[in-house]
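A.B. asks: sequence and predicted structure, then a few things I'm wondering about:
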Amino acid sequence: MVKRTWPSLFAAALLAANAAANSEPPVLPEPDPDIVGEALDPDTGNTVYLEHYYCSEDLLKCSVFYLRPNREVIASKELDYASNLKAPALTFRDYRLDREITIEDADTNAVVDAGFDNFVRLQWQDLAEGEEIKFPFRLVDRKDPIKMRASKTEGCEDGKLCLEIELDSWLLGNFVDPIQLTYEEGSQRLLRFQGISNLKNDEGRSQTVEIRYRYLDGTEAPTSLQE
């Protein structure tokens with residue numbers, strides 16, 4: 001499949017997101033997204049929401065749209081990795097809760113929100129060899145980073161790397177379930193996420209989901225990250 005370029009795809013998505021008022025959801029761009037994530041309720045298997053990703057050809061800028069199963073846009077996020085692959089500048093808008101959060105100058109030592117995906121690729125070799133990696137992590141709605149640790153889990157299918165992400169605190173870790181991630185080894189692409197979502201439910205409360213990702217344009221991790 002031919003990879004779409006910045007003018008024909010990402011610019012349209014970015015303009016749609018920027019044109020929206022805080023309380024008015026944007027119109028979903030016409031082109032198919034590069035990546036689709038389907039968030040499921042782990043208990044019932046029902047679809048809770050969808051994530052549509054539109055990214056520039058170099059993967060340094062992405063727009064994310066969060067949709068109900070009926071394709072109503074309920075939130076969006078703009079990501080800019082140009083200055084820091086693991087700590088992107090971002091703007092998150094939740095149209096249900098009339099809320100907007102912007103992170104412009106992130107702590108370069110911390111991993112920020114979706115930058116964790118790049119962080120995994122940057123630490124790929126160490127994680128694949130079983131080394132535990134500790135890092136500060138900043139959530140989109142939290143100013144101060146929290147201490148986290150990532151490690152490889154056993155029993156993963158051939159051709160995949162399974163990781164567990166936990167709070168780096170014996171006490172707090174007993175009250176929060178770890179996040180489970182599954183990556184494809186060859187492409188280093190995220191296939192599955194299970195844990196607390198960065199999107200709250202309609203009442204503004206945290207929710208646990210299982211997200212399964214599909215890549216529609218064949219995009220792999222940038223060569224610079226793989227190296």
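C.D. replies: In hand now; what should we look at? Residues are numbered from 1 along each chain as shown.

A.B. asks: going forward, measure contacts and count neighbours with C-alpha atoms only.
C.D. replies: Will do.

A.B. asks: could you report the distance from the residue nearest to Tyr213 when sequence neighbours are not counted to Glu210?
C.D. replies: Spatial nearest neighbour of Tyr213, chain neighbours left out: Gly37 (4.3 Å); criterion: CA to CA, 6 or more residues apart in numbering. For Gly37, the distance to Glu210 equals 10 Å [CA to CA, to the nearest Å].

A.B. asks: so those two - more neighbours on which side?
C.D. replies: Taking neighbours as other CA atoms under 10 Å, Gly37 and Glu210 compare with Glu210 leading, 24 against 20.

A.B. asks: and the closest residue to the more buried one other than its chain neighbours, how many neighbours?
C.D. replies: In space, and not counting its chain neighbours, Glu210 is closest to Gln194: 4.2 Å by CA to CA, 6+ apart. When counting by other CA under 10 Å, one arrives at 21 neighbours for Gln194.

A.B. asks: check which helices and strands the helix or strand Gln194 falls within sits against.
C.D. replies: In the assignment (DSSP states H and E), Gln194 maps to strand 189-196. Packing partners of strand 189-196 (3 or more CA pairs under 8 Å, 6 or more residues apart in numbering; DSSP states H and E): strand 179-184, strand 208-215.

A.B. asks: and the first one with strand 189-196, angle?
C.D. replies: Here strand 179-184 points in a direction 170 degrees away from that of strand 189-196 (axes from the mean of the first three to the mean of the last three CA atoms, to 10 degrees).

A.B. asks: swap in the longest one?
C.D. replies: When the same axes, to 10 degrees is applied, the directions of strand 208-215 and strand 189-196 differ by 170 degrees.

A.B. asks: any buried residues in stretch 157-174, and which?
C.D. replies: Lys160, Leu161, Cys162, Leu163, Glu164, Ile165, Glu166, Leu167, Asp168 (16 or more other CA atoms under 10 Å).

A.B. asks: SS state for the third one?
C.D. replies: What it means is Cys162. Assigned with DSSP: H, G, I helix; E, B strand; the rest coil, Cys162 falls in the strand class.

A.B. asks: just the pLDDT at it, thanks.
C.D. replies: As predicted, Cys162 sits at a pLDDT of 98.

A.B. asks: my guess is it contacts Ala150. True?
C.D. replies: No: the pair Cys162 / Ala150 is not scored as a contact, 10.3 Å apart, by CA atoms under 8 Å.

A.B. asks: okay, and the common contacts of those two?
C.D. replies: Common contacts of Cys162 and Ala150, defined by CA atoms under 8 Å, 6 or more residues apart in numbering, are absent altogether.

A.B. asks: could you report the neighbour count for Asp41?
C.D. replies: 16.

A.B. asks: quick check: the gap between it and Val209.
C.D. replies: The separation that Asp41 has from Val209, given CA to CA, amounts to 5 Å.

A.B. asks: which helices and strands does the helix or strand Thr102 falls within pack with?
C.D. replies: Per DSSP H and E, Thr102 falls inside strand 99-103. On a contact count with 3+ CA pairs under 8 Å, 6+ apart, strand 99-103 meets strand 89-94.

A.B. asks: outside of the strand it packs on, which residues touch it?
C.D. replies: Contacting residues not belonging to strand 89-94 are listed as 22-23, 74-81, 99-106, 140 [CA under 8 Å, 6+ apart].
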